[in-house]
Every structure is written in structure tokens, then in C-alpha cells.
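>>> Quick one, what's the 3D model for this:
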Amino acid sequence: PGYEGESLREHVLRGVEYVTDLDPDGDVLVFLPGEREIRECADLIEGQGFFNTEAIPVFARLSLADQERVFAPSGKRRVFLATNVAETSLTIPGIVSVVDSGMARVSRFSPSRQVQSLQIEMISQASARQRRGRCGRVRDGICVKLYDEEALEMASEFTDPEIRRSALSGVILRMLSLKLGDLREFPFIDPPGPRAVNEGWDTLEEVGAVVKKSEARLTDTGRTLSRLPLDPRLGRMLVESERRGVFEEVLIIVSGLSAMDVRERPQGKEERADERQKEFLDHKSDFGVFLNLWKGIEDFRGEKGKLKSNQLRRWCEKHFLSYRRVREWLGINSELRRSFQKEGIKGKGIETAADVYAEVHKSVLTGIPRQIGVWDKEKRIYHSVGNRQFAVFPGSGLFKSKRALWVLGFELVETSRLWARKVAEIDPKWVEEVVPHLCRSKYHSPYWNEQQGAVYGTEDVLLGGLTVVEGRRVFFGRVNPKMAFEVFVREALVDGKMRGNNLVTQNLAWVKETILGAERKLRRVGYLWNEVAAYDFFFERLPAATNTTKQFYKLTEKPEDAGKLMVRFSDLIWEEDIEDRLRLFPDVVEHGGREWQVKYVSDLESDDDGLTFEVGIDELAIFPDYLPSWGVPGILEDRVELLIRSLPKDWRRECQPVAEKVSGFISMWEDWEPQGHLDEALLEYLREKVGRNSLEGFEASRLPQHLRPKLRVRNEMDEVMAFGEDVWAIKKKLAGELRARREAAANEEWEMTGGEVWSFGEIPVEAEDGIFPGLVDEGNTVGMRAYLEREEAAESHRAGVVRLFLIEYAEHCQYVRKNFPLKMAGRFMLSLLPKETLEDFIRVSAEGGMKRIARTEEEFGESSAIGRGEWYASAEKVAGAGGGKGGGGGPGGGGEEEE
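Numbers count the residues shown, from 1 in each chain. Prediction:
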């Protein structure tokens, strides 16, 4: 037995040293569990420098050269380090002594986890005897056991038979095809366990070989698989590939999976082997390696024409491929092709499918649907079906690549951990397409889709706990009508999310908004609207299959049917008899013959908590400044009481009892329309009641937000232009805007442009309160517009009338301009002034000649006639020439100087 803390290789070395001391010349056979242990022990023994001794590994994956070395004669003493392959399968000549570690790596299939494990176990008593029998074949020898007698006695008598260590799907399939009855009732010498049998049935159901395992009846696919010399999973891949047009590709892969890996990595030449085999790698799929290798062989064949064995052997050696395994692979491929041809399946040529990668891997997926995994970024591991977790085997082409989110592994093998071998990247959506019978859908999160007018939800498709399709939208009425109906009532009707209107939804919306408005008015948000009653009302009256807008509208298209679904205010409110209280909170306040809208908010965090008067910008000028101070009857009593209590202490004491003062004030104003601020009216009332004229000092700012009414001003676009409690300040802020709007509104009636004759009718000095129309000098034409200032309108009108006169008498104007009566000194001074100065003289002289500014067409005709005759005289007066000395009359004949 080994010492405490002694490793296996140290223990083996001690055993080899022991037999060497007894017989330094005889060959030694050492039994070890696996390849790794063999290489470790070989390195250690070689390093000890035993005289004329070499260590030779013996295991199944040896390269051809290393295999030949086992049987080739040698002039040295040899220490063979072998797995249990040397127990019965292989006889090594010349063995004198045996060193038995007592361990073996045993392949066992776990039905519950569907995992093939290769665990190191204590050998059976029968294996120990078999190993001992390998020594002393050529002369007397010794068997050194690296374990004690007690351990051997505790070991099982015989190694478990293969039927108890293997997957049973193939056995069950063959027995069904031969009609040998139920496997569980078959008289096996060593019957398999019930878990293994159930797993075999599950596998057959997965690949579609049986209808149901409870029925034990083969499908057409099952009958085809039973006639193939293949594991059912591999056979299922080929059957599917024929349907998908990738039979040739999958045949190459399946025949490769049925043989041992043709690639070799001889010890000491690993890097060279990797370099040579790089051209065959596929970093998305290890199954693609088979196709690349096959293509390499076929390309070599194409180059050489008729291929000789030696040529292929040399090519294999060059690429570190096992020639024997390549030949085996080719042979299996041919055999399987013939088997499928017998079934009438000839398959299609290479790359006939539109997407070869997808179709090939979908075909592979049909055989091993539960061996998929999804990458967990946090734990850096793949989660698989049945709560398994695996890692990609280091020998895979995907091991050093960026981790694929979803992978498929041909086999899951457990050694130091659970490894996935022969791995490929896949799209999880393929799973639902390929094996829908193994998937289940989970429907959740139903909601009302306003655009579609129906209840939709989310579908997740799962395979063994893995979500292969997530978040797919699905019509919920098809998958769960009961829940769809509940969502329809709650969201489409009660929450008012259904598009369009009919009598029922309009009525419900009105009742709901009325109750919600009552909550805001009475500050009882969440306490009046009875959503449960609304839900129950429709739930009890509508058919349970209703879940779309179309269905609902069809049910309510007749008035008599719609009438049965008309709810009343009293049906959906928690409290009764609140109508009288609601009348104290009107939506419209009437004052001065006008109606003013009021909006209510009940939100302590909101700036507009309480009530707010909503006024359009065009109505602001006539809105009474004092109206918000009175609010509405529902808050007046509280406002009055709190205003009184905000007085200084001494004055507040004189207003006792406060309740009596409040009641008296309310009664006095009950039938009167206010004409001033509440503060002023209340102070006047209190002064009269307490007999103190000096009483003043309300602190309205101490009132809670909801008892301080506000004003909100909006424009035509419903944009807020001003908001606050001080109406006067708001009006001052918007004074410029109000003026511009009033002027613009007036000009909608008065504005004209482009006139050359009097076409304006009568132009009053003042059209209405504060509106003053007048003509406008536009240069070459005359227009008209309205002003808000009398003086501005008069000045503009004077200039406009003069311009119209100048246009009408343009020829006469040209004469006056040319012969304006200026003396020499005046003309010199004029030349120094801006050129517009002469035009100013002409306008002033024209206005002087007209005598008056007309307001009607008749007046303009009269004044124009006078002006034409008096124009030059007026010009002389303007120029200061006197007596006509500047120019002598004019085309109109001059005239007397106007007084």
C-alpha cells in the first residue's frame, strides 16, 4: 500500500524499483488507470536512470509508430505502462513481472444525468486475478499489488457487465423490432437497472423512434433506425439529414463519430501536429472538422488520381493522422451508405442545401437534443438540460475561441469535471424547429394591445429548463382564454385602453372621469372610484370568450344589448350620497355674465394642488382680479376660517367665536356676487362685527396650498403662458402680449394695404372701446390699420391722407418738387441736408394746402381739390419765400395764403 501523502506515480516508481531489485533484466507490465497517469509515470521512470531500461506507454490512442514499438524487439529491458486494455484485449510478449495499481478508468453511463463518466475505480477481484496472470509467462515472475488485501476483499467479485454500464436505447430498439417483448421482462443474466431502462425509452421518444414509451410501439422512423447498424441517435441524424438535403455531409460526420478520432498528437510532437492540422480546424464547429478532413482527403485523391495505399499513408503521416483510423472511417462511411441505400435513401450531393451549416447542425441536433448548453457569463460555465453544467473540452476547436452563447455537444463525459466533446455553435431557435415534441411553451405577462385590439402576451419556449425562445409575442386568447378575458375586462374596459368609442365605452369613460373628478374635488383620491365593482360588473355580464375589440363591438352593436352594459355613477362609487357635496365644487364658475372653467388637482407634491381657474389669453383682460380669492363654495368656509386665524393674536381674540364669524360671513354673501377681493370683504365684515376699523393683516400665505386658488393662462396651442396666485402680476407680465393680441385682433377687421385711391369707406376716429383706425403711408401706396393709442393713430392717418393726395396728384407733385420756392440761400442749405428734406417740405406743404385731414371719401375729394389749388401757396409759406417771389404760381394757378 502507498504511504500517506504519496502520489500514484511515486507509488508506482517504488513498485518498479522493488521488482527491479528482484529481477533487473525482466520486462515489467504496470497497470494504470489512464493516459495521463501513464505519461506521468513514464516521465518519472525515464528520469530515474534505470540501467538499460526504457518506459513504453500502452493505451488505445497510441500513434501507429508507438504501437509498433510495443511489439518490436528491443535490446533493452522494457517497462510497459498500460491501461486495462492489456488485461484481455492485448498480449504483450516477454512480461516477467507485473505492478498493479489496482485502479482502472471505467466507462459508466448515468441514466439520471445522461452523462458518460470515465471515473477511476478500484478494480474487481476478477480483474486483479487477470492482471496477476500476465506475469511469469516466460519464466518465474512476481506480481506487486499496490493495495492491501483488505481493499481487495472489499472490491466487487466481478466487473459490472457492459449492459449495466451503457445506454440501452439501441438494445430496446432492436428488441422492439425483433418483437422480443418488454426489456424489463427479458430474462437477462445481469438485468439492467430501472433507471437505465427508462432512460433508454426516453431517448427513443426524443428521437421519434417510438410513439410513446408507455405504448412500446415503433414509428416509421423507429423501424428505419432499427435496421441500421448505428446507435439510434446517430441514425436519427442521418434520417433527418436526408430530409434537409445534407445527407452527404452528415454521413461523413456520423461515420467519423462512429470511429476513433483520426488525429494524432504524439508525445513530444504536439506543436508540430497542431500546426499541420490547423487547416482542418473549424472554430465554430467540431463537426466541421470531419468535413474539412474529408475534403482534405478527397482533394488529395483528386490530385493523385487513382490513389495507392502508400500515398495515402504518407499523406496521413504528414498531417499526423492515423492511417488505420482513416481507412476505418472510409470503410464505415461506405457501409452506412449501403445500409441507407437499402432503405431507399440515396441522399443529396455536397452543399445542396441553402444554408449548409444550419441544416447540418439541425440534423445533428435531432439525435442529441438534450445536449445543448447556454453560456453563463458570470459563472463562466455552460448550463445544460437537467441542471447540468459543463465546460468545453480543451481539445475542441471552440476552446480558445470567443465563447459561443449557445452550443451543442455530441457527448458529455465526466472525468475531473463534466466536459462537452465535439462541440458546435448553434442558434437556440433551431431547437423548437427540430424537436418541437420535446419543447414546452410558457405563456405569461398578458396585456391589452391597443393597436391590435386584442390581448397579447409573451411566450417562452423551454427545453428541459433552458429557454430556447424568449419573449415571443403571442395572441393570448388562443393559449389562455380565461386569463385573456380577465385582462380584457381589466385593461381594455375598466382602464379605458380600448380604441374607438361606442355607447358602452363612452358611458363608462364618463362615469369613471366623473368619479375621479369627485376624488380630486373632495381630496379623496383613491377612495371613491370602485375599480373592483367596475370589473365585476362587466365580468358577470360579458361572455367569457370575449377578448378582442371586434368581439366586444359585435356584442354591443344593438342598442338593447348595449343597454345591459350601461353602468351608473352610483354603481361604481364607494361612498353614497355625495352629490350635494359635489355641487359645492362646480366645474364652471359663473360671474359677471360669463363662465370661467375650474380645474381640480389633489396632489400635495404638485404646484397646482387645489383648484385653478383656466383662462385663455384672449379672455385674460376681462378676467376679474378678485375672482380666485373667493374660489368655489366648497372651500370658501375653510378659507374664511383660516384667514381669520391668520390674524395677529390680539385681533384674532376679538374675532371669537371664529365659527360664528365664519358662518355669518358665508350667510351674508350667499346670494351676492362678489365685486372685490375676499380679503377686503372679510375685513370689512369683521371690522363691523368687532368695532375696530384698524383691523387688518391677513396672512394668506399661511393657508395650505389647496386652499389658495390659482390662475393658469393658456394660448391657442394649449401652452401655459402664465401660472400663479396673483392675477394682477400675471396680467402685468402678459401686458405686452395682451396688447399685441388685441391690436392683431382689431386689424383682422381694419387692416388693408396697397391703396392708390380712397377705397377705405368711412374711417372713424375711434371704432370701439380703445380701438383707433387710421391710414398708413406705405411709400408708393396707402394702407389702413388699427391702433390702441389715439395719438399714434392720428399721426399715422395724417401721413396716410397726405400720401394718398400725393399719389392722386403725382404730376402736380413733380412740378412742386422741381420748382419748390426756395431762395438761393435756402437751396444752398437744402443741398447740405439729406435728400429726404425736400420730400418732407413737399408733404408739409401738401397738408397745408388741403386745410383738413379727411375721414371719408367725400371729405378727401373736397380737401384734395382745395389742396391742389392752395399747394404752391402753402409751399411758399413753408419755404418762407412770401409774395410768390420764389417761383410764380404753379400749374394750378396759385392761391391765397392760408390763415
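>>> Quick check: the gap between the spatially closest residue to residue 157 that is not a sequence neighbour and residue 851.
Nearest residue to residue 157, sequence neighbours excluded (C-beta to C-beta, 6 or more residues apart in numbering): residue 125, at 5.2 Å. Where you see a C-beta, it was placed from the backbone N, CA and C, and this is true even at glycine. Applying C-beta to C-beta, to the nearest Å, the value for residue 125 to residue 851 is 146 Å.
>>> try residue 232
122 Å.
>>> higher neighbour count, the two?
Using other C-beta atoms under 10 Å as the criterion, residue 232 and residue 851 rank with residue 232 on top: 26 against 13.
>>> tell me the domain boundaries of this protein?
Split into domains by automatic domain parsing, the chain comes to 8-160, 203-363, 369-437, 482-578, 584-733, 741-879.
>>> can you map out the helices along the stretch 101-250 of the chain?
Using DSSP state H, counting those that start in this stretch, the helices assigned to the stretch 101-250 of the chain run over residues 125-132, 149-154, 169-177, 194-206, 220-226, 232-244, 247-258.
>>> before we move on, what about the stretch 251-400 of the chain?
Counting by DSSP H, counting those that start in this stretch, the stretch 251-400 of the chain has helices at residues 270-277, 287-304, 309-318, 323-342, 356-367.
>>> can I get the ones you listed in a markdown table with mean neighbour count, mean pLDDT and distance to residue 619?
A markdown table is the format used below for these (neighbours: other C-beta atoms under 10 Å; pLDDT from 0 to 100; distance: least, C-beta to C-beta, whole Å):
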| stretch | mean neighbour count | mean pLDDT | distance to residue 619 |
| --- | --- | --- | --- |
| helix 270-277 | 14 | 88 | 88 |
| helix 287-304 | 17 | 87 | 79 |
| helix 309-318 | 14 | 86 | 97 |
| helix 323-342 | 16 | 87 | 90 |
| helix 356-367 | 24 | 95 | 70 |
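>>> circling back to that earlier point, which of the domains of the chain sits closest to residue 169?
Distance to residue 169, taken as C-beta to C-beta, is lowest for domain 203-363 among the domains of the chain, at 3.8 Å.
>>> Distance from the chain centre to the closest one, please.
41 Å (C-alpha atoms, centre = their mean, to the nearest Å).
>>> before we move on, what about stretch 125-133?
On C-alpha atoms, centre = their mean, the centre of stretch 125-133 falls 65 Å from the chain's centre.
>>> Adding mean pLDDT as columns, could you present the helices of the stretch 101-250 of the chain in a markdown table?
Shown next, in a markdown table, are these (pLDDT from 0 to 100):
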| stretch | mean pLDDT |
| --- | --- |
| helix 125-132 | 91 |
| helix 149-154 | 88 |
| helix 169-177 | 84 |
| helix 194-206 | 84 |
| helix 220-226 | 89 |
| helix 232-244 | 91 |
| helix 247-258 | 92 |
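>>> Of the ones you listed, which is nearest residue 430?
Closest to residue 430 of the helices of the stretch 101-250 of the chain is helix 232-244 (C-beta to C-beta; 11.2 Å).
>>> Check which helices and strands that closest one sits against.
Contacts defined by 3 or more C-beta pairs under 8 Å, 6 or more residues apart in numbering; DSSP states H and E place helix 232-244 against helix 169-177, helix 194-206, helix 220-226, helix 247-258, helix 323-342, helix 356-367.
>>> What spatial separation is found between the residue nearest to residue 324 when sequence neighbours are not counted and residue 300?
Among residues not flanking residue 324 along the chain, residue 64 sits closest, at 6.3 Å (C-beta to C-beta, 6+ apart). Residue 64 sits 18 Å away from residue 300, going by C-beta to C-beta.
>>> To residue 451, which of the domains of the chain lies closest?
For the domains of the chain, the distance to residue 451 is smallest for domain 482-578, at 7.9 Å, taking C-beta to C-beta.
>>> From one end of that closest one to the other, what's the distance?
37 Å (C-alpha to C-alpha, to the nearest Å).
>>> Now do it: distance to the chain's middle.
32 Å.
>>> In terms of pLDDT, where does residue 139 sit?
Residue 139 carries a pLDDT score of 84 in this model.
>>> How about the contacts made by it?
Contacts for residue 139 (C-beta atoms under 8 Å, 6 or more residues apart in numbering) come out as 26, 96.
>>> Quick check: closest non-adjacent residue to residue 779.
Nearest non-adjacent residue to residue 779, counting by C-beta to C-beta, 6+ apart: residue 803, 7.8 Å away.
>>> thinking the residue nearest to residue 157 is in contact with residue 151, fair?
No: look at residue 125 against residue 151 with C-beta atoms under 8 Å: they stay out of range, at 10.6 Å.
>>> and for the two, which residues touch both?
The contact sets of residue 125 and residue 151 do not overlap (C-beta under 8 Å, 6+ apart).
>>> OK, contacts around residue 382?
Per C-beta under 8 Å, 6+ apart, neighbours of residue 382: 373-376, 389-392, 407, 420.
>>> 10 Å instead, please
Neighbouring residues of residue 382 by C-beta atoms under 10 Å, 6 or more residues apart in numbering: 372-376, 388-392, 403-407, 409, 418, 420, 423.
>>> Could you tell me how far stretch 605-613 lies from the centre of the chain?
36 Å.
>>> starting at the chain centroid, how far to the longest helix along the chain?
Assignment by DSSP state H gives helix 857-879 as the longest helix of the chain. In terms of C-alpha atoms, centre = their mean, the centre of helix 857-879 is found 82 Å from the chain centre.
>>> Check stretch 571-579 too.
The chain centroid and the centroid of stretch 571-579 are separated by 42 Å under C-alpha atoms, centre = their mean.
>>> Can you list the buried residues in it?
572-573, 578 (16 or more other C-beta atoms under 10 Å).
>>> Just to be sure, which of the contacts of residue 382 are found in strands?
Residues of these located in strands (DSSP state E): 372-376, 389-392, 406-407, 409, 418, 420, 423.
>>> Neighbour-wise, give me the winner out of those residues.
Tallying neighbours with other C-beta under 10 Å puts residue 423 at the head of those, with 29 neighbours.
>>> Kindly state the beta-bridge partners for that one.
Beta bridges link residue 423 to residue 409, judged by DSSP bridges.
>>> Check what pLDDT it gets.
For residue 423, the model assigns a pLDDT of 95.
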